[in-house]
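> How does the following fold in three dimensions:
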Amino acid sequence: MPSIFSRIVSGELPAYKVAEDEHHLAFLDITPLVEGHTLVIPKREVDYIFDLPAAELAALHLFAQRVAKGVLAAVPCKRIGVAVIGLEVPHAHIHLIPMNKVADMNFANPKIKVAEDRMKELAAAISAQVPADATSRAATPDSKAAKGARETEEANEPAASSTADTATDQLQQLTKGLVYMSESDAALEPVSYSAPDGALTDAALLKAVGAAAGSKVETQELTLFLRNHTADDGVLGDPALANRFKALQMYLKQELQDVKVYRVGTGPQVQVYALGRTGSGKLAGFKTVLTET
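I've put the predicted structure just below:
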């Protein structure tokens, strides 16, 4: 009888998939120790992981490394713990577990229940952060030259970029190439401002973002503002793009405090700021332009 994991591979059973290639699959554990607990399996059913041929075992761990990077980027944690138990399902698998303390890896802990919508959100966010397979871009003299050029370019960038806070660095990655679509298209730009000491009043917001005093300010929930872009297929019918917007939304909601969308000004084009407070006391998020005629 096929294992439950083989039935997932064949499509007989559903799963919250986060990554897949020809020989491997990664999906969320439906009885996790913590949110983001991910299972990595070879598609070929082998009971005991160390019965895999050396090349297949190495390939499985390389695939798991990519998935772990995606989990670490999408789920707030200090490290991704790795475990192989091998007693629950007779199909080789690796546990990738977001952890902030050693106790997070204790399989004697009671399993948690995560709502379906949250599981979908986590899967989409992790999937959007799993890096491409580096083996598909084998090093060549040209690629080595390109690497050297990138290193030179990075060395010549302003020193300020090296001191940017973690939130800004992450937002640069998450918003890169994303466009907000209304009646016209506008890029999402990562931003960071000094936060006021007290409440973020309309006046304080306008001062922080450099807008004219007295400008009209309207607030909106982030999920409402991004709802068309985070739908399953997004506004362009592109699930991968929708997953990137989901990853951005989840990062803002998890990593920043009091996140809101602020629409500033009037007229057919309104400046929009999605902002929250960082742990270092700044306002961070992204800005874009909303066009409504």
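
> Mind giving me the packing neighbours of the helix or strand containing Asn228?
Assessed by DSSP states H and E, Asn228 sits inside helix 227-230. With contacts taken as 3 or more Cβ pairs under 8 Å, 6 or more residues apart in numbering; DSSP states H and E, helix 227-230 sits against strand 179-181, helix 239-255. Just so you know, the C-beta spots here come from the backbone N, C-alpha and C atoms, and that holds for glycine as well.

> Would you format those as JSON lines with mean pLDDT, mean neighbour count and distance to Thr293 included?
Supplementary listing: those in JSON lines, determined by pLDDT from 0 to 100; neighbours: other Cβ atoms under 10 Å; distance: least, Cβ to Cβ, whole Å:
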{"stretch": "strand 179-181", "mean pLDDT": "91", "mean neighbour count": "18", "distance to Thr293": "14"}
{"stretch": "helix 239-255", "mean pLDDT": "84", "mean neighbour count": "21", "distance to Thr293": "24"}
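
> I'd like to know which of those is closest to Tyr193.
Tyr193 lies closest to helix 239-255 among those, at 14.9 Å (Cβ to Cβ).

> then the closest one to CSV, C-alphas only?
Provided in CSV are the C-alpha atoms of helix 239-255 (Å, rounded to 0.1, in the frame of the first residue of the first chain):
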residue,chain,number,x,y,z
PRO,A,239,-0.3,32.6,-8.8
ALA,A,240,3.4,33.1,-8.3
LEU,A,241,2.9,36.9,-8.3
ALA,A,242,-0.1,36.5,-5.9
ASN,A,243,2.1,34.5,-3.6
ARG,A,244,4.7,37.3,-3.5
PHE,A,245,2.0,39.8,-2.5
LYS,A,246,0.9,37.3,0.2
ALA,A,247,4.4,37.0,1.5
LEU,A,248,4.7,40.8,1.7
GLN,A,249,1.4,41.1,3.5
MET,A,250,2.3,38.4,6.0
TYR,A,251,5.7,40.0,6.7
LEU,A,252,4.2,43.4,7.4
LYS,A,253,1.6,41.9,9.7
GLN,A,254,4.0,39.7,11.6
GLU,A,255,7.1,41.9,11.8
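
> what's in contact with it?
Contact with helix 239-255 is made by 74, 76, 121-122, 124-125, 127-129, 167, 170-171, 174-175, 178, 188, 222-223, 226, 229-234, 259, 274, 276, 278, 285-286, as judged by Cβ atoms under 8 Å, 6 or more residues apart in numbering.

> before we move on, what about stretch 2-17?
25-28, 30, 39, 41, 43, 45, 89-91, 93, 119-120, 122-123, 127.

> Only the buried residues of it, if you could.
If you call a residue buried by 16 or more other Cβ atoms under 10 Å, then stretch 2-17 has these buried ones: 3, 5-6, 8-9, 15-16.

> Quick check: pLDDT value at Val114.
Predicted confidence (pLDDT) for Val114: 92.

> tell me the SS of it?
What DSSP: H, G, I helix; E, B strand; the rest coil gives for Val114 is coil.

> Distance of it relative to Leu33?
11 Å (Cβ to Cβ, to the nearest Å).

> ok, back up a step: gap between the helix holding Asn228 and the chain center?
Relative to its parent chain, helix 227-230 has a centroid offset of 16 Å by Cα atoms, centre = their mean, to the nearest Å.
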